[in-house]
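Undergrad: Based on what follows, work out the 3D shape:
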Amino acid sequence: MTTYEKTDVSVRKADVSAKTAGLLLLSLAQFLIALDYSVIYVALPSIGSSLKLGPDTLQWVVSAYAVLFAGFLLVSGRAGDRFGARRILIAALVLFGLAATAGGVADSGALLLAARGAQGLGAALMQPAIIALINRTFEAGPERERALSVWGTIGASGLAAGALLGGVLTTASWRWTMLVNLPVALLCALAAPRLLPADGRRGDRRALSAVGAVLATAASLAVVSALTFAAVHGWGDGRTVGLAVGGVLLAVGFAWHERVSAAPLIDRALRSNAMLRLGAVSTALYMASVGAEFYVVTLILQNRYGYSPLRAGLGFLPLALCIVLGNILAGRFIAKVGSVRLLTVAFVLDAAGLVLLALSASGTGYATHMLPGVIVSGIGHGLTYTSMFVTGTGGLRDEDQGTAGAVLTTSQYMSAAASLAILVLVMGAPTAAGTYRDAFLTTAAFAAAGAVVAGAVTVLRGPRGAR
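TA: As a prediction, the model looks like this:
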């Protein structure tokens with residue numbers, strides 16, 4: 001081997017190592033986002049007791065994060081495309097870590113809710129930037145699909161790991177469920193300039209419409225808040241109705257502005273992209289099915305089985321491991337069968353696992369009754385998470401990756417708020433096995449709808465539908 005060839009090999013190895021390190025950093029940041037959505041569930045009873053918060057206020061400890069997260073995603077994605085994804089990510093990590101610290105030392109419900117909202121804003125800035133940086137770093141095709149598989153494996157497991165870690169940390173103090181974020185967030189922020197590619201000098205020169213940004217954010221905040229109020233206070237509550245009407249009017253105004261504006265928030269080519277539309281539908285149905293599974297399982301373990309926070313958290317360990325396995329399998333099979341076909345199979349597994357959980361609702365033990373459904377749905381969960389993002393962002397321009405990621409995640413977390421409201425209506429006061437069975441069957445119906453939609457796209461598009 002010549003000196004030139006040796007040098008070329010060394011350069012390529014160094015490039016692969018740098019990309020791998022950057023991918024792990026981005027995956028860790030994604031893990032934090034998912035973790036903080038679910039870590040708080042197991043800690044809620046302890047938070048309520050410590051700060052003397054009633055059930056209605058406690059619900060907002062979860063919802064404040066989700067509302068701000070979903071509300072600012074579209075603007076955040078567009079800002080990342082325009083001002084630089086790495087810059088936005090670093091600022092978001094700092095905000096996220098500091099907000100978590102404020103929540104960890106909060107001595108009142110008001111301060112805790114404000115901190116959770118600030119965390120949600122930090123997550124909204126992070127999420128599109130993470131997806132954009134992955135898709136810009138790795139070339140479209142097998143290389144990017146493997147990268148998204150690694151990212152999905154670490155990120156998706158954050159939802160289950162959050163419940164597990166929440167149980168462990170709550171045994172010491174619920175405050176650690178918040179404080180644990182600061183060192184990880186700051187570590188990622190400090191490492192980002194060295195491990196992630198620099199933002200281009202030009203960036204996306206398309207103007208960022210202030211009117212479009214305000215309308216999109218206000219509409220998202222109003223709709224998600226209405227769904228959250230519906231879950232807590234019912235659909236007939238005046239606040240729910242007012243926010244819902246306001247959200248619809250703002251959404252109509254945003255849609256009209258997007259059509260007539262010379263600088264739309266989501267450009268016309270992106271709005272008409274069939275795969276992005278399929279990805280958005282898939283992320284919504286994913287969160288309404290296996291994403292909502294965490295809520296119902298948490299209730300069963302603590303309310304029906306009487307598990308302690310630690311034991312309930314440990315009950316999510318099999319689910320976390322199966323999600324990891326599903327993501328690993330997704331990385332191996334996407335290149336062979338295509339992301340849309342794999343998405344169809346994933347939703348079928350989701351539905352099957354949730355039906356098994358529905359059948360186990362009258363059982364009396366986790367290992368003897370619930371575990372088969374947890375395993376099947378967990379594997380399907382991992383397959384779904386990776387394949388839906390590969391489907392939604394594949395083939396898009398680099399300058400559109402942040403916006404596309406924001407569209408997918410907005411759909412995902414708006415669906416989370418909507419599905420929670422639906423499950424609360426279905427279950428009422430969840431005490432009997434039948435209420436949990438109905439909840440699981442509802443989530444299974446959403447997964448089945450996902451399988452039908454993805455399968456129809458595969459059939460209608462023929463060979464193209466596989467990608």
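Undergrad: CA only for contacts and neighbour counts going forward, please
TA: Fine.
Undergrad: Would you mind pulling up the elements that the helix or strand that Leu299 is a member of packs against?
TA: Assignment of secondary structure by DSSP states H and E places Leu299 within helix 290-299. Where contact means 3 or more Cα pairs under 8 Å, 6 or more residues apart in numbering; DSSP states H and E, helix 290-299 is packed against helix 3-51, helix 339-359, helix 371-393, helix 401-427, helix 433-461.
Undergrad: and the helix or strand following it, how far out from the chain's middle?
TA: Per DSSP H and E, the first helix or strand lying C-terminal to helix 290-299 is helix 309-314. Remark: helix 309-314 is offset 22 Å from the chain centroid, using Cα atoms, centre = their mean, to the nearest Å.
Undergrad: How about the contacts made by the residue nearest to Ala448 when sequence neighbours are not counted?
TA: The spatially closest residue to Ala448, leaving aside those adjacent along the chain, is Ala351, at 5.6 Å (Cα to Cα, 6 or more residues apart in numbering). Counting by Cα atoms under 8 Å, 6 or more residues apart in numbering, Ala351 touches Ser289, Ser377, Thr443, Ala444, Ala445, Phe446, Ala447, Ala448.
Undergrad: May I see the buried residues of stretch 185-197?
TA: The neighbour-count criterion (16 or more other Cα atoms under 10 Å) identifies Ala185, Leu186, Cys188, Ala189, Ala192, Leu195, Leu196, Pro197 as the buried residues of stretch 185-197.
Undergrad: mind checking how far the residue nearest to Ala448 is from Ser289?
TA: 8 Å (Cα to Cα, to the nearest Å).
Undergrad: and for these two, which residues touch both?
TA: Joint contacts of Ala351 and Ser289 (Cα under 8 Å, 6+ apart) are Thr443, Ala444, Ala445, Phe446, Ala447.
Undergrad: for the last one, what are its contacts?
TA: Yep, that's Ala447 we're talking about. Leu285, Tyr286, Ala288, Ser289, Val290, Phe347, Val348, Asp350, Ala351.
Undergrad: correct me, but the second one touches Gly382?
TA: No - judged on Cα atoms under 8 Å, Tyr286 makes no contact with Gly382 at a distance of 10.5 Å.
Undergrad: thinking again about what came up before, any chance of the helices and strands packed on helix 290-299 in CSV, with mean pLDDT and distance to Arg175 too?
TA: Listed next are these as CSV, based on pLDDT from 0 to 100; distance: least, Cα to Cα, whole Å:
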stretch, mean pLDDT, distance to Arg175
helix 3-51, 74, 8
helix 339-359, 95, 32
helix 371-393, 91, 29
helix 401-427, 81, 25
helix 433-461, 89, 30
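Undergrad: ok so, going back, which of Tyr286 and Gly382 has more neighbours?
TA: Shown here are Tyr286 and Gly382; by other Cα atoms under 10 Å, Gly382 has more neighbours (31 against 28).
Undergrad: Spit out the contact partners of that one.
TA: With Cα under 8 Å, 6+ apart, Gly382 has these contacts: Gly152, Thr153, Ala156, Cys322, Ile323, Val324, Leu325, Gly326, Asn327, Ile328, Ala330.
Undergrad: I'd say the second one and Asn327 touch.
TA: Yes - here Thr153 lies in contact with Asn327, judged by Cα under 8 Å, at a distance of 4.8 Å.
Undergrad: what do these two both touch?
TA: Contacts common to Thr153 and Asn327, judged by Cα under 8 Å, 6+ apart, are Gly382, Thr386.
Undergrad: Now do the helix holding Leu299 and helix 371-393, the angle between them.
TA: Helix 290-299 runs at 150 degrees relative to helix 371-393, counting by axes from the mean of the first three to the mean of the last three Cα atoms, to 10 degrees.
Undergrad: picking that back up, of all the helices and strands packed on helix 290-299, which lies closest to Thr298?
TA: With Cα to Cα as the measure, helix 3-51 is the member of those nearest Thr298 (7.4 Å).
Undergrad: for the closest one, packing partners?
TA: Short answer (3+ Cα pairs under 8 Å, 6+ apart): helix 3-51 packs on helix 55-83, helix 109-137, helix 142-170, helix 176-179, helix 181-195, helix 290-299, helix 309-314.
Undergrad: Tabulate these (a markdown table), appending mean pLDDT and distance to Ala269.
TA: As requested, those are exported to a markdown table (pLDDT from 0 to 100; distance: least, Cα to Cα, whole Å):
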| stretch | mean pLDDT | distance to Ala269 |
| --- | --- | --- |
| helix 55-83 | 78 | 15 |
| helix 109-137 | 90 | 18 |
| helix 142-170 | 78 | 22 |
| helix 176-179 | 91 | 41 |
| helix 181-195 | 92 | 31 |
| helix 290-299 | 83 | 30 |
| helix 309-314 | 77 | 44 |
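Undergrad: Val426: which of those helices is closest?
TA: helix 290-299 (11.4 Å).
Undergrad: starting at the chain centroid, how far to the closest one?
TA: The answer for helix 290-299 is 14 Å, by Cα atoms, centre = their mean.
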